[in-house]
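Chemist: here's a sequence, model it:
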Amino acid sequence: MALIGRFIEQILPIGSITIVQADGGRETYGPGGGKHVAVRLHDRRAALELFRNPRLKLGELYMDGRVTIEDGTILDLLELIVGAKPWEKGKRKALGKGKGRWLKRFFRRNDPTKSRRNVAHHYDVGNQLYELFLDRDLQYSCAYFTEPSNSLEQAQEDKKAHIAAKLYLKPGQRVLDIGCGWGGMALYLNRVADVDVLGITLSEEQLKVARRRAEEAGVADRVRFQLIDYRHLHGPFDRIVSVGMFEHVGAAHYEEFYAKCRELLTDDGVMLLHTIGKLGGAGQPDPFTDKWIFPGYHLPSLSQMSSGSEKVRLIASDIETLRLHYALTLREWLKRFTAERAEVIKLYDERFFRMWEFYLAGGIVMFESGAACNYQVQYIRDRNALPITRDYMAEAEQRYRKLGAAPAKGANRKKTVAPEPVK
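Modeler: Numbering: from 1, shown residues only. Purely as a prediction, here's the structure:
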């Protein structure tokens with residue numbers, strides 16, 4: 001306990017944490033003057049395990065009920081710990097640090113079979129879970145808050161318009177959606193821009209919903225979905241969009257991913273990649289998230305993305321860093337998730353609820369104080385593929401917002417010849 005106490009005293013510039021031991025003893029650490037959290041350790045080994053491997057064990061101990069929060073919430077505790085030292089106020093990395101990471105990346109390779117298994121671990125737990133806390137369109141990625149006070153539904157609609165505007169869409173174009181989720185983005189693009197879309201996923205649960213939604217909208221001939229790995233596709237496509245999928249590609253496969261996307265694009269094609277990323281240099285995955293939530297994930301640095309795309313001669317024609325939008329998104333998800341606690345426990349169990357509560361809370365502090373952000377990078381093969389100024393983005397975004405807000409009329413029915421991607 002003394003070691004944990006000294007650690008708390010060293011990292012907290014404000015606030016305090018009370019540790020309640022298994023025998024009932026209590027000690028409070030920190031300078032005070034801010035938020036206070038009381039944490040109970042329910043067995044003697046919990047303190048030792050926490051000290052030896054805090055990044056993994058705090059989540060596991062909380063998930064297993066061996067650590068509980070008596071005063072405050074798990075989010076309050078993580079805000080105290082992570083918020084005490086924001087990423088931008090930390091020390092610069094020492095030169096040469098990270099030698100040997102190439103070897104770790106090699107052993108974290110995601111071949112198609114492993115990728116399918118990793119996706120199933122997270123997304124095939126059942127659609128009912130996601131319906132409890134996502135927006136109506138089941139957008140499971142960072143929303144776009146034009147105002148922090150906007151509703152989650154409004155922010156997700158604005159996210160789709162923001163992304164669509166960067167694709168420079170024209171009626172009748174063929175669009176590939178890599179990692180299409182439950183189909184919301186693909187259906188949106190068809191609706192507002194009159195394009196044909198192929199959405200691909202590795203989740204059988206997502207595929208069922210996406211196909212049903214296309215049928216219900218009467219556009220199944222224009223918005224199609226397949227269960228297939230992007231590496232097995234054949235093009236060409238006029239546009240490629242990928243939202244929240246690149247995190248699962250794996251650092252060992254970045255050049256392979258970009259090379260395949262370049263191959264799939266027409267000469268004047270445009271691609272928009274939206275991904276969680278890391279400020280500064282890329283680091284190792286969070287051990288709790290990697291073990292329990294997203295096996296095999298990797299958050300790229302901007303330099304890693306640039307290195308991979310440059311090698312295959314894709315031009316990064318526009319780059320935007322979303323700093324706080326995912327924190328706002330996650331706060332709304334956590335609020336909705338905790339409000340559905342009884343239903344989550346009914347569907348799964350108490351342990352599952354605590355695991356996801358910790359995951360969502362950890363995501364909030366990662367984006368508010370840690371090294372996480374979101375990158376939206378637009379890529380082209382030909383420097384002449386787009387207008388020479390960004391004015392077209394603003395014009396299209398406003399137009400798509402109006403179209404997206406209008407009542408749906410069955411989506412666009414104009415039939416064009418859709419690509420047949422699998423040979």
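Chemist: all contacts plus neighbour counts: C-alpha atoms, from now on.
Modeler: Fine.
Chemist: what bridges to Gly277?
Modeler: Following DSSP bridges, Gly277 is listed with bridge partners Cys373.
Chemist: check contacts around it.
Modeler: Gly277 sits next to Glu247, Leu299, Pro300, Ser301, Leu302, Ala372, Cys373, Asn374, Tyr375 when contact means Cα atoms under 8 Å, 6 or more residues apart in numbering.
Chemist: ok, now Ile19?
Modeler: Ile19 neighbours (Cα under 8 Å, 6+ apart): Arg26, Glu27, Thr28, Ala38, Val39, Arg40, Leu41.
Chemist: scan this structure for its longest helix.
Modeler: helix 350-368 (DSSP state H).
Chemist: pLDDT of that one, averaged?
Modeler: Averaging pLDDT along helix 350-368 gives 97.
Chemist: please compute how far it lies from its chain's middle.
Modeler: 13 Å (Cα atoms, centre = their mean, to the nearest Å).
Chemist: which neighbouring elements make contact with that helix?
Modeler: helix 54-63, helix 74-83, helix 325-339, helix 341-347 (3 or more Cα pairs under 8 Å, 6 or more residues apart in numbering; DSSP states H and E).
Chemist: just checking, next helix/strand downstream of whichever helix or strand Arg6 is part of?
Modeler: Secondary structure from DSSP states H and E places Arg6 in helix 2-11. As assigned by DSSP H and E, the chain's next helix or strand after helix 2-11 is strand 15-20.
Chemist: show me where the stretch 51-200 of the chain has strands.
Modeler: Using DSSP state E, counting those that start in this stretch, the strands found in the stretch 51-200 of the chain span residues 67-71, 174-178, 196-201.
Chemist: next, Leu41: phi, psi?
Modeler: The phi and psi values for Leu41, taken as degrees, to the nearest 10, are phi -100, psi 120.
Chemist: wait, Phe225
Modeler: According to degrees, to the nearest 10, Phe225 has phi -130, psi 140.
Chemist: which residues pair with it across the strands?
Modeler: Under the criterion DSSP bridges, Phe225 forms beta bridges with Gly199.
Chemist: how close does it sit to Lys208?
Modeler: 9 Å (Cα to Cα, to the nearest Å).
Chemist: okay, those two: which has more neighbours?
Modeler: Phe225 (26 against 16; other Cα atoms under 10 Å).
Chemist: list the contacts for that one?
Modeler: Residues near Phe225 by Cα under 8 Å, 6+ apart: Gly183, Leu198, Gly199, Ile200, Thr201, Leu207, Ala210, Arg211.
Chemist: cool, Gln139 as well?
Modeler: Taking Cα under 8 Å, 6+ apart, one finds Gln156, Gly181, Trp182, Gly184 in contact with Gln139.
Chemist: is it true that the last one touches Tyr140?
Modeler: No - taking Cα atoms under 8 Å as the definition, Gly184 is not a contact partner of Tyr140, at 9.8 Å.
Chemist: contact partners for the closest residue in space to Ile276 that isn't next to it in sequence?
Modeler: Spatial nearest neighbour of Ile276, excluding adjacent residues (Cα to Cα, 6 or more residues apart in numbering): Asn374 at 4.3 Å. Shown in contact with Asn374 (Cα under 8 Å, 6+ apart): Cys142, His274, Thr275, Ile276, Gly277, Lys278, Thr321, Leu322, Arg323, Tyr326.
Chemist: apply 10 Å and report the result again.
Modeler: Contact analysis of Asn374 by Cα atoms under 10 Å, 6 or more residues apart in numbering lists 141-142, 244, 274-279, 299-300, 302, 320-326, 367.
Chemist: if I look at it, how far off is Leu75?
Modeler: 21 Å.
Chemist: kindly report the same for Glu49.
Modeler: Distance from Glu49 to Leu75, by Cα to Cα: 21 Å.
Chemist: pLDDT below threshold where in this structure?
Modeler: Applying pLDDT under 70 to the chain flags the ranges 1-2, 92-124, 407-423.
Chemist: could you chop it up by domain?
Modeler: The chain is divided into the following domains under automatic domain parsing: 2-85, 112-405.
Chemist: so can I have CSV of the ones you listed showing distance to Lys91?
Modeler: Shown next, in CSV, are the domains of the chain (distance: least, Cα to Cα, whole Å):
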stretch, distance to Lys91
domain 2-85, 10
domain 112-405, 12
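Chemist: pick the most buried one from these.
Modeler: domain 112-405 (a mean of 20; mean count of other Cα atoms under 10 Å).
Chemist: tell me how far it is from the chain's mean position?
Modeler: 7 Å.
Chemist: quick one: secondary structure of the nearest residue to Gly183 once chain neighbours are set aside?
Modeler: What sits nearest to Gly183 in space, not counting adjacent residues and going by Cα to Cα, 6+ apart, is Ala210, at 4.5 Å. In three-state terms, and counting by DSSP: H, G, I helix; E, B strand; the rest coil, Ala210 is helix.
Chemist: what residues are up against Ala210?
Modeler: 180-184, 186-187, 199-201, 204, 216, 220, 223-226.
Chemist: what do you get for Lys278?
Modeler: 298-304, 366-367, 370-375.
Chemist: repeat for Tyr130
Modeler: Tyr123, Leu138, Gln139, Tyr140, Trp333, Phe337.
Chemist: can I get those in a markdown table including distance to Arg66?
Modeler: Below are the contacts of Tyr130 laid out as a markdown table (distance: Cα to Cα, whole Å):
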| residue | distance to Arg66 |
| --- | --- |
| Tyr123 | 27 |
| Leu138 | 33 |
| Gln139 | 33 |
| Tyr140 | 30 |
| Trp333 | 25 |
| Phe337 | 22 |
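Chemist: which one of those is nearest to Ile293?
Modeler: For the contacts of Tyr130, the residue nearest Ile293 by Cα to Cα is Tyr123; the value is 9.7 Å.
Chemist: one step back: nearest to Thr389, of the strands of the stretch 51-200 of the chain?
Modeler: Closest approach to Thr389 among these is made by strand 174-178 (22.9 Å; Cα to Cα).
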